[in-house]
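Student: got a sequence here, can you build the structure:
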Amino acid sequence: TICNADTAARVSELTARMTHRGPDETGIHLGDNFWLGHTRLSIVSPEHGIQPMKCNDVANPAYAVVNGEIYNHKAIREELDIDPSLFSTESDSEIVIHGYNKIGLDIVDKLIGMFGFVLVTNGGKDVLVARDKIGIKPLYMGKTKDGLEYVFASELKCIVDQCHAADMMLIPAGHYWTRKTGLVRYYNPDWDKDEYFDSVLAANAYSNAEECKQSLEDAVIMRCMADVEVGLLLSGGLDSSIIGSIMTQPNVREKLTATHGKIKSFAVGQEGSPDILAARAVSKFLDTDHHEALFTPEDAFAVLEKIVYHMETYEPELIRSSIPNYFLAKKTAEHVKVVLTGEGSDEIWSGYLYYASCVDPKQLQEENRRILKAVQFVNLQRADRMTMAHSLEARVPFFDVNHIATAMALDPVEKLCGDGANGRCEKHFLRKMYQDQLPEEVVWRTKAMQCEGVGMTWVGVLQKYISDNLVSDEDFAAAAQTFPTNTPHSKEEFYYRTIFEKYYPTCEKFVHVWPGGCRAAGSAWEDDRYTRAGLLDTELLKKGHGLASEISV
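Tutor: Numbering: from 1, shown residues only. Presented below is the predicted three-dimensional model:
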């Protein structure tokens, strides 16, 4: 047995580290050879979905803790013809237990949603641990320093002092783990195969606009599943505006059964910034109940350490965009527990500005594949950590596996832009699909990463403040000696790294570092729009913005 008189206190302390992810309820179960702790944000079956969940089968009781949402849990119940009397709640999480009891490990691939879970059977001898296909929800694994336990957690901070760094890992997206099998990749989509471009796309087995629109609408409908109010993160960019447009369609709006009155939308930025101005226009067009998180540079400087602590990274491009996300989530959580976001469009629709230098459809397809596989360490880490820091759940329809498969099967020629398509705007095909459903002020607005949209000069102001106030010349001169691995190239990078080491010493392996220091530097083509310091010409952010004349920061 691993459980003793001190176990309860230890489990309570470790579980409490996750209270920000689930402040509504805390549940703990101690077995002879295992223990489970869970903090809950109650969204589906809020009255009865308390965890850890238990299946009271006398012959083989099962226990589970599940983080996230399983959107197709009702469909799986019907497909597998599971006896309804076995279910004690309406919680989506319970399908993990009964689905496993019915079909074993095959249940994992049937789950559609965002999740990380641990399922324990046979008195702790059998354990199934799984992470969703795209990596929307995190899941870490480690072996304790005494070698007696395997431990699993939603965030690194929960186990970082329990294990040596060498004995910890982030379970990859689309994988499960058992004692017998070790790690197994269960998600093997066609778009992630080397031969996909030549064997499928080159054979003209392309998807079309109607199929792409339908798959995204289906994804939004699926993510309306909630017994609490659902809101919208609305930057005023193309992607979040499309999600908002779909949410307000009558056939979709009726699925939001716990959302009464207007849908609440939320934007972040400095007064006069591109995002704030555009979001106001979209909110008026969609008739949402709009709320804004306005911040100043001084507000941001005060929370930099909190950002790094919650993000569990020092990657500068990611930290810059996490700062406004932190303020946005804080404001949003004052009103709702769940939001839909536009996250994910750029990876599958070739939305970043550096795509303008791509002239080869195959290179474009492979670049989408490269950055899509990295989102579990980057975009999705930000989306999860910044919202969960404020007990808010973010759902990402663009990252629905069926929509990804459909969009990745589009002829990549349709995604070429700039030099590869006579100067055509990025995401031209996607814009054309929805141009009649969006206000003209934003439908042709150029892509702005969030650290840019909240204020065109914001990144430069941030970097100057850190350089002038937080890192000395002497300390930075010794950067290579202080940090021989992934040595910081600027005082900004040095500062983030210092904070990271304070909370997560020797955990560099958990930080995704883009080749060349930024996403664009790893592409197969040359582009000079971005460097590791950010977008060089911020005036590009005014392109296509219907309110460009009003932008002041």
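
Student: go ahead and flag the most central residue of this protein.
Tutor: For the chain, the residue nearest the mean C-alpha position is Leu380 (2.2 Å; Cα atoms, centre = their mean).

Student: separation between that one and Val396?
Tutor: Relative to Val396, Leu380 is positioned 7 Å away (Cβ to Cβ, to the nearest Å). C-beta coordinates here come from the backbone N, C-alpha and C atoms, glycine included.

Student: what touches both of the two?
Tutor: Common neighbours of Leu380 and Val396, using Cβ atoms under 8 Å, 6 or more residues apart in numbering, are Ile136, Glu343.

Student: mind listing what the nearest residue to His335 once chain neighbours are set aside touches?
Tutor: Leaving aside its sequence neighbours, His335 sits nearest to Lys264 (Cβ to Cβ, 6 or more residues apart in numbering; 5.5 Å). Contacts here follow Cβ under 8 Å, 6+ apart; on that basis Lys264 touches Glu229, Gly231, Leu232, Thr288, Asp289, His290, His291, His335, Val336.

Student: report pLDDT for the residue nearest to the centre of the chain.
Tutor: We note a pLDDT of 97 for Leu380 in this prediction.

Student: now Asp57
Tutor: If you check Asp57, the pLDDT there is 69.

Student: going forward, the N-terminal residue is numbered 723.
Tutor: OK, 723 is where the count begins now, so the last one is Asp779.

Student: mind checking the SS state of the residue nearest to the centre of the chain?
Tutor: Counting by DSSP: H, G, I helix; E, B strand; the rest coil, the backbone at Leu1102 sits in helix.

Student: next: Val1235.
Tutor: Three-state assignment for Val1235 (three-state DSSP): coil.

Student: separation between it and Phe1205?
Tutor: Counting by Cβ to Cβ - Val1235 and Phe1205 are separated by 12 Å.

Student: what's the answer for Val1176, then?
Tutor: Taking Cβ to Cβ, one finds Val1176 at 29 Å from Phe1205.

Student: kindly report the same for His751.
Tutor: His751 is 41 Å from Phe1205, by Cβ to Cβ.

Student: check which helices and strands the helix or strand where Val830 lies sits against.
Tutor: Secondary-structure assignment from DSSP states H and E places Val830 in helix 829-832. Using 3 or more Cβ pairs under 8 Å, 6 or more residues apart in numbering; DSSP states H and E, the elements in contact with helix 829-832 are helix 795-801, helix 817-825.

Student: buried deepest among these, which one?
Tutor: Using mean count of other Cβ atoms under 10 Å, the stretch among the helices and strands packed on helix 829-832 with the largest mean neighbour count is helix 817-825, at a mean of 22.

Student: that one - what's its average pLDDT?
Tutor: On average, helix 817-825 scores 95.

Student: how far away from the center of its chain is it?
Tutor: From the chain centre to the centre of helix 817-825 is a distance of 26 Å (Cα atoms, centre = their mean, to the nearest Å).

Student: then Arg1042 would be within a helix, right?
Tutor: Yes - judged by three-state DSSP, Arg1042 forms part of a helix.

Student: now do it against Arg1104, distance only.
Tutor: 10 Å.

Student: how about Leu938?
Tutor: 22 Å.

Student: strands of the stretch 1123-1272 of the chain, start to end?
Tutor: Ranges of strands in the stretch 1123-1272 of the chain, per DSSP state E, counting those that start in this stretch, are 1252-1253, 1256-1257.

Student: among those, which is nearest Arg732?
Tutor: Smallest distance to Arg732 across the strands of the stretch 1123-1272 of the chain (Cβ to Cβ): 43.2 Å, for strand 1256-1257.

Student: what stretches of the protein score poorly on pLDDT?
Tutor: Judged by pLDDT under 70, the chain has its weakly predicted residues at 723-724, 778-781, 926, 1170-1175, 1259-1260, 1263-1264, 1268-1270, 1273-1274.

Student: rerun at 80
Tutor: Within the chain, the stretches with pLDDT under 80 are 723-727, 767-771, 778-782, 922-927, 1142, 1169-1178, 1252-1253, 1255-1275.

Student: dig out what the residue nearest to His1057 forms beta bridges with.
Tutor: Beta bridges link Lys986 to Asp1011 when assigned by DSSP bridges.

Student: can you map out the helices along the stretch 873-1022 of the chain?
Tutor: Applying DSSP state H, counting those that start in this stretch to the stretch 873-1022 of the chain gives helices spanning 918-921, 931-944, 960-969, 972-975, 996-1008, 1019-1023.

Student: okay, those helices in TSV with mean neighbour count and distance to Val840 next?
Tutor: Compiled in TSV, these are given as follows (neighbours: other Cβ atoms under 10 Å; distance: least, Cβ to Cβ, whole Å):
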stretch	mean neighbour count	distance to Val840
helix 918-921	14	33
helix 931-944	18	24
helix 960-969	25	31
helix 972-975	11	33
helix 996-1008	24	38
helix 1019-1023	15	36
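
Student: buried ones in the helix or strand harbouring Leu1094?
Tutor: Applying DSSP H and E as the criterion places Leu1094 in helix 1083-1096. Within helix 1083-1096, the residues that count as buried by 16 or more other Cβ atoms under 10 Å are Pro1083, Gln1085, Leu1086, Gln1087, Glu1088, Glu1089, Asn1090, Arg1091, Ile1093, Leu1094, Lys1095, Ala1096.

Student: what does stretch 886-902 contact?
Tutor: Counting by Cβ under 8 Å, 6+ apart, residues outside stretch 886-902 touching it are 827, 830, 838, 847-857, 860-865, 867, 878, 881-882, 905-910, 1098-1099, 1227-1229, 1231-1232.

Student: now it, how far from the centre of its chain.
Tutor: Using Cα atoms, centre = their mean, the offset of stretch 886-902 from its chain centre is 19 Å.

Student: C-alpha coordinates for that stretch, CSV please?
Tutor: What follows is stretch 886-902, C-alpha atoms only, in CSV (Å, rounded to 0.1, in the frame of the first residue of the first chain):
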residue,chain,number,x,y,z
HIS,A,886,12.8,15.0,-10.4
ALA,A,887,12.5,16.9,-13.7
ALA,A,888,14.0,13.9,-15.5
ASP,A,889,11.1,11.7,-14.3
MET,A,890,8.3,14.1,-15.5
MET,A,891,6.7,14.5,-18.9
LEU,A,892,3.8,16.1,-20.6
ILE,A,893,1.6,13.4,-22.0
PRO,A,894,1.4,14.2,-25.7
ALA,A,895,-1.9,15.1,-27.4
GLY,A,896,-3.8,12.1,-28.8
HIS,A,897,-2.0,9.5,-26.5
TYR,A,898,-3.0,7.3,-23.6
TRP,A,899,-1.0,5.5,-21.0
THR,A,900,-1.4,2.3,-19.1
ARG,A,901,0.9,0.3,-16.9
LYS,A,902,1.0,-2.5,-19.5
